[in-house]
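Participant: Sequence and computational prediction follow.
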Amino acid sequence: MATSFYKYQGTGNDFVMIDNRKLTFPADDEALVKQLCDRRMGIGADGLILLQDHPDYDFEMVYFNADGRLGSMCGNGARCTVRFAKQLGVIEDVACFLAADGEHQASIERDEIHLKMNDVQGVEKIGEDYYLNTGSPHYIRFVDDVENLDVYTEGRAIRYNDRFKAVGTNVNFVQRLGENEIFVRTYERGVEDETLSCGTGVTAAALVAGIKGMQSPLKVKVLGGELQVAFERNSDGSFKYIYLIGPARLVFTGSITI
Ligand SMILES: N[C@H](CCC[C@H](N)C(=O)O)C(=O)O
């Protein structure tokens, strides 16, 4: 059967998007999802996202990592899904949708998608580093020179250490660039490589920057562009009103036979 797909990217984190409102995509076919995401054997992407109907929401976003496995929350993918929903006529400029970690609100403001992230309760300190969940699990390490870091090797060492090897973690290296600006590079679980940007990772990095005394909103430089994160910190150390803001663009469309 011929199935249309749409290729989107959000700050260089790229996704195959499929309108699955008719539920024709074989979502349990791990090998197919992996092949479609493969940059030589398929379309090529960091993940695949299905947009589906949901009785209580504008739509539901179902996200798979490039390895074919059902993933957790994806911040860049969510912004792309909001843009895709608008393209399909499912929403106008605001959305309330369901993702792996629950409900999210979003709005489209010119080039940018403002995405509300779920509140974050616990931030664990591991030595000088931090570990928290912003819809996906993120390990955060602040470094002095992120540009010249071997993110693949250093990221893998943490991702496959005894604590994380079973379920995995994303690993983010963060450098403070100025009063309100950080630079984040991410080794992504499920892709098992560095990606050009990771939305939940950038969010986690910004919250840790908040713990270290930096003020919201923060500008976040990534290899694939620039994002912004806004948040409020409660007196008990938890976070609320967390927003991830940035672009999401359609790159090309095509058709596959499945
Ligand atoms: N790139 C995604 C994160 C995907 C998370 C996934 N790699 C995992 O935790 O398994 C983002 O923009 O938030």
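Facilitator: Structure received.
Participant: For stretch 165-177, give me every contacting residue.
Facilitator: 131, 136-147, 149, 151, 154-155, 158-159, 182-190, 198, 200-202, 204-205, 208-209, 212, 214, 221 (Cβ atoms under 8 Å, 6 or more residues apart in numbering). C-beta: built from backbone N, CA, C; applies to glycine.
Participant: Put the alpha carbons of stretch 168-181 into CSV.
Facilitator: C-alpha atoms of stretch 168-181 as CSV (Å, rounded to 0.1, in the frame of the first residue of the first chain):
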residue,chain,number,x,y,z
GLY,A,168,19.7,3.8,28.7
THR,A,169,19.8,7.5,29.1
ASN,A,170,20.4,10.5,26.9
VAL,A,171,23.6,12.4,27.8
ASN,A,172,23.9,16.2,27.4
PHE,A,173,27.1,18.2,27.6
VAL,A,174,26.5,21.8,28.5
GLN,A,175,28.7,24.9,28.3
ARG,A,176,27.7,28.3,29.7
LEU,A,177,28.2,30.9,27.0
GLY,A,178,27.0,34.0,28.7
GLU,A,179,24.5,35.4,31.3
ASN,A,180,21.5,33.9,29.6
GLU,A,181,23.0,31.5,27.1
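Participant: Tell me if it is near the ligand.
Facilitator: Yes. Stretch 168-181 comes into contact with the ligand (Cβ under 6 Å from any ligand atom), by way of residue 170.
Participant: Helix or strand: which one has residue 124?
Facilitator: strand 123-126 (DSSP states H and E).
Participant: elements contacting that strand?
Facilitator: Where contact means 3 or more Cβ pairs under 8 Å, 6 or more residues apart in numbering; DSSP states H and E, strand 123-126 is packed against strand 129-133, helix 199-211.
Participant: And stretch 154-172, how far out from the chain middle?
Facilitator: Relative to its parent chain, stretch 154-172 has a centroid offset of 17 Å by Cα atoms, centre = their mean, to the nearest Å.
Participant: Kindly check the end-to-end length of it for me.
Facilitator: Start to finish, the residues bounding stretch 154-172 are 10 Å apart (Cα to Cα, to the nearest Å).
Participant: For that stretch, list every residue counted as buried.
Facilitator: Within stretch 154-172, the residues scored as buried using 16 or more other Cβ atoms under 10 Å are 154-156, 158-159, 164, 168-172.
Participant: Looking at those, spot the one nearest the ligand.
Facilitator: Nearest to the ligand among the buried residues of stretch 154-172: residue 170, at 5.0 Å, using Cβ to the nearest ligand atom.
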